[in-house]
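Undergrad: Sequence first, then the predicted structure, then my questions.
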Amino acid sequence: MPQALTIKKVDGKPGQVYYPLQIVEVPKPKPGPNEVLIRIHTAALNHRDLFIRQHLYPGISFANPLLSDGFGTVVEAGPGPDAQHLLGKKVILTPSRGWLAAPDGPEDPARFSVIGGAALYPAGAGQDFAVVPADELELAPAHLSAPEAAALPLVGLTAWRALVTKGFGSGAISSSADSVAGRNVLVTGIGGGVALSALQFGVALGCNVYVTSSSAAKLERARALGARGGVCYTDAAWDKQLAAQLPRERPYLDVVVDGAGGDVVARTVRLLRAGGVISIYGMTAGPKMDWLMQAVMKNIELRGTTMGSRAEFRDMVEFVRKHQIRPVVSRVVKGLDNLQAVDGLFDDIRHGKQFGKLVIEISSPDEESGSKL
């Protein structure tokens, strides 16, 4: 009998509760018109999943499977040409629904949601089989392993919008990327999936990418991935240290990609060029931050960004395919029903141990599609 990973409802206030994981048996779904049935091979965690377990994320579900990042094989196709041509193909799931292409945000915000443990849409990658609309899939880049393919969707999409759409501006990326090559980019909090994706995208675009972390070991690993430099943000003078690392011919930052908030404006305003951009995809340091008059005088642009559209997801996957980018995987555990090991992945997120994505291997890509009928 197929299984799904969900959370169990227990009493507790948001932020204090920690919903336990549970495995439930579910019937094998059947694809309808223009839908496909996917045998899920790997699924990956995001910070969002931890927030769901703490009831710190809106619109959660106790019935729908967790996890928004998934990779698998299409094993059955419903009626319709869009579905039929995917039969037997390796695919990655679009991690959200309800945002097609509008550059400013979802066309109808009430219909937008990330999948996985969400009340609005039943889809989730934390299960043996998933029925998905055929137009909510992308062919997996052939150079990716099963864990790497699951590690890509949500963080890749978020980083793409934060760096490319918001950081450089829509239309700034040409096919040759000459328009942004040589620009200086700061990516804060390296080690998380979004930050690592932004680093990899920036390096592939020919940018000089600098990073921050609280860990010297993570800074070294980032340099191995192509970062030109980095500083520990626990040092009181990290902004001055970063200024000393910038190239003489371009001694300023063009873009900051940040997921913490806090004092990022105060720390980077002196480093940014006039008209430079701070692109913020999260505020883990707190829900408020200061905006300085100095930033106003330098025409600095502060741009909020979250997730991304279906069109941006397609562009991101194609970029990964073209540049042979491999998402960074921190750790893989085997078995969807191995709850102790899966809980350990959540602990890695809680304590910031990971460098890259945390992945669950649910089935082998070589496994017979008829298993767990």
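TA: Yes, it's here.

Undergrad: Low-confidence ranges, the stretch 51-200 of the chain, go.
TA: 170-178 (pLDDT under 70).

Undergrad: And the helices in it?
TA: 81-84, 146-151, 153-160, 193-204 (DSSP state H, counting those that start in this stretch).

Undergrad: Indicate which one of these is closest to K322.
TA: helix 193-204 (8.6 Å; CB to CB). Just so you know, the C-beta spots here come from the backbone N, C-alpha and C atoms, and that holds for glycine as well.

Undergrad: Could you tell me how far Q54 is located from H47?
TA: Distance, Q54 to H47, using CB to CB, to the nearest Å: 11 Å.

Undergrad: quick one on the thing from earlier: could you dump the helices of the stretch 51-200 of the chain to CSV with distance to E318?
TA: What follows is those, written out as CSV (distance: least, CB to CB, whole Å):
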stretch, distance to E318
helix 81-84, 18
helix 146-151, 14
helix 153-160, 11
helix 193-204, 12
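
Undergrad: Could you measure from D290 over to K218?
TA: To K218, D290 is 27 Å away according to CB to CB.

Undergrad: returning to what we had before: can you put the helices of the stretch 51-200 of the chain in TSV and add distance to F71 and mean neighbour count?
TA: Below are the helices of the stretch 51-200 of the chain laid out as TSV (distance: least, CB to CB, whole Å; neighbours: other CB atoms under 10 Å):
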stretch	distance to F71	mean neighbour count
helix 81-84	18	16
helix 146-151	4	27
helix 153-160	8	28
helix 193-204	15	26
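
Undergrad: Quick one, which of those gets closest to P103.
TA: Going by CB to CB, the one of the helices of the stretch 51-200 of the chain nearest P103 is helix 153-160, 12.9 Å.

Undergrad: so that closest one versus helix 193-204, what angle?
TA: 50 degrees (axes from the mean of the first three to the mean of the last three CA atoms, to 10 degrees).

Undergrad: on contacts alone, who are the packing partners of helix 153-160?
TA: strand 69-77, helix 193-204, helix 310-323 (3 or more CB pairs under 8 Å, 6 or more residues apart in numbering; DSSP states H and E).

Undergrad: which residue is nearest the centroid of the protein?
TA: Nearest to the geometric centre of the chain sits V155, at 1.1 Å (CA atoms, centre = their mean).

Undergrad: For the host helix or strand of R273, list every residue counted as buried.
TA: Using DSSP states H and E, R273 sits in strand 272-280. Across strand 272-280, burial judged by 16 or more other CB atoms under 10 Å covers L272, R273, G276, V277, I278, S279, I280.

Undergrad: Show residues contacting it.
TA: 162-163, 166-168, 252-259, 261, 264-265, 268, 298-305 (CB atoms under 8 Å, 6 or more residues apart in numbering).

Undergrad: and it, average pLDDT?
TA: Averaged over strand 272-280, pLDDT sits at 97.

Undergrad: so what strands line up beside it?
TA: With DSSP bridges as the test, strand 272-280 is paired with strand 253-258 (parallel), strand 301-304 (parallel).

Undergrad: Give me whichever of the ones you listed is most buried.
TA: strand 253-258 (a mean of 27; mean count of other CB atoms under 10 Å).

Undergrad: Could you look up the next helix or strand downstream of that strand?
TA: Downstream of strand 253-258, the first helix or strand assigned by DSSP H and E is helix 264-268.

Undergrad: Show me what that following helix is packed against.
TA: Checked by 3+ CB pairs under 8 Å, 6+ apart, helix 264-268 has helix 238-245, strand 253-258, strand 272-280 packed alongside it.

Undergrad: Now do the buried residues in that helix.
TA: In helix 264-268, counting by 16+ other CB under 10 Å, buried: V264, V265, R267, T268.

Undergrad: How about the last one: what's its closest non-neighbour residue?
TA: It refers to T268. Spatial nearest neighbour of T268, chain neighbours left out: V256 (5.1 Å); criterion: CB to CB, 6 or more residues apart in numbering.

Undergrad: Repeat that for the third one.
TA: The shortest distance from R267 to any non-neighbouring residue, by CB to CB, 6+ apart, is to D239 (4.6 Å).

Undergrad: And the pLDDT for that neighbour?
TA: 96.

Undergrad: ok now do it, which residues does it touch?
TA: R267, T268, R270, L271.

Undergrad: now L199
TA: Per CB under 8 Å, 6+ apart, neighbours of L199: V187, I190, V209, V211, A222, L225, G226, A227.

Undergrad: Wait, the fourth one touches Y233, no?
TA: To tie it back to what came earlier, the one meant is V211. No - counting by CB atoms under 8 Å, V211 sits too far from Y233 to count as a contact (9.7 Å).

Undergrad: neighbour-wise, which of these two wins?
TA: Neighbours were counted for V211 and for Y233 using other CB atoms under 10 Å; V211 has more, 30 against 21.

Undergrad: Tell me how far G189 lies from G261.
TA: 11 Å.

Undergrad: which residues do those two both contact?
TA: With CB under 8 Å, 6+ apart as the test, G189 and G261 both reach T284.

Undergrad: Pick out whichever of these two has more residues nearby.
TA: Between G189 and G261, counted using other CB under 10 Å, G189 has the larger neighbour count: 22 against 18.

Undergrad: That one and G259 touch, don't they?
TA: Yes - between G189 and G259 a contact is recorded at 5.5 Å, counting by CB under 8 Å.
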